[in-house]
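Novice: this one's sequence-less:
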């Protein structure tokens with residue numbers, strides 16, 4: 001399995017699935033969530049509404065899957081990261097769960113290539129350095145059990161790109 005770190009727009013990445021840093025409503029928001037909903041089009045929103053109607057949204061740390069609409073990927077895995085409000089173990093576990101549950105859902109759907117954004121580091125204010133450590137560790141731990149062809153961390157900004165690149169190289 002190959003782990004890559006790139007600086008790019010996740011809505012442009014051609015993989016089996018991209019991961020969306022969603023909110024609990026699944027109805028779109030700001031940042032990467034808004035970009036995925038805008039570019040992916042109405043199919044994503046319609047499937048998210050169906051999920052909401054069935055289960056009432058998505059809890060923090062959990063993940064759900066939809067088709068990708070107009071995006072170059074086949075699927076979007078929506079996961080809800082924790083809002084940072086202090087250095088609590090609970091928040092770190094919930095963030096790790098985002099990665100683990102997204103990878104579990106990918107396996108269930110025969111996804112071999114997946115791209116992650118920097119979950120919770122935007123308006124949810126999770127410290128970027130802590131989030132990067134948790135993300136890399138969660139993916140490496142999970143990928144020892146199951147094989148993916150490629151997992152990509154797609155960083156929108158230079159700061160995240162540097163943090164992930166440094167951790168990947170260690």
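Specialist: Received the coordinates, thanks. The model shown is predicted, which means the values in this text are computed figures rather than measured ones.
Novice: list the helices and strands the helix or strand of the chain with the lowest mean pLDDT packs on?
Specialist: The weakest-scoring helix or strand in the chain, judged by mean pLDDT, DSSP states H and E, is helix 128-145 (a mean of 90). Contacts defined by 3 or more CB pairs under 8 Å, 6 or more residues apart in numbering; DSSP states H and E place helix 128-145 against strand 2-7, helix 89-108, strand 150-155, helix 158-169. All C-beta atoms are positioned from the backbone trio N, CA, C, and that covers glycine.
Novice: list the buried ones in that helix?
Specialist: Buried residues in helix 128-145, defined by neighbour count with 16 or more other CB atoms under 10 Å: 128, 130-136, 138-139, 142.
Novice: relative to residue 88, which of the residues you listed is nearest.
Specialist: Distances from residue 88 to the buried residues of helix 128-145, taken as CB to CB, are shortest for residue 130 (11.1 Å).
Novice: neighbours of the closest residue to residue 61 other than its chain neighbours, how many?
Specialist: Using CB to CB, 6 or more residues apart in numbering and skipping the chain neighbours, the partner closest in space to residue 61 is residue 97 (3.5 Å). Neighbours of residue 97 under the rule other CB atoms under 10 Å: 22.
Novice: need the pLDDT of residue 97.
Specialist: pLDDT for residue 97: 98.
Novice: might one say that it is in contact with residue 59?
Specialist: No: using CB atoms under 8 Å, residue 97 is not in contact with residue 59, being 9.6 Å away.
Novice: mutual contacts of the two, please.
Specialist: When CB atoms under 8 Å, 6 or more residues apart in numbering defines a contact, no residue borders residue 97 and residue 59 alike.
Novice: on that earlier part again, most tightly packed of the helices and strands packed on helix 128-145?
Specialist: Counting by mean count of other CB atoms under 10 Å, strand 150-155 has the highest mean neighbour count of the helices and strands packed on helix 128-145, with a mean of 22.
Novice: how far away is the closest residue to residue 158 other than its chain neighbours from residue 146?
Specialist: Spatial nearest neighbour of residue 158, chain neighbours left out: residue 7 (6.6 Å); criterion: CB to CB, 6+ apart. For residue 7, the distance to residue 146 equals 27 Å [CB to CB, to the nearest Å].
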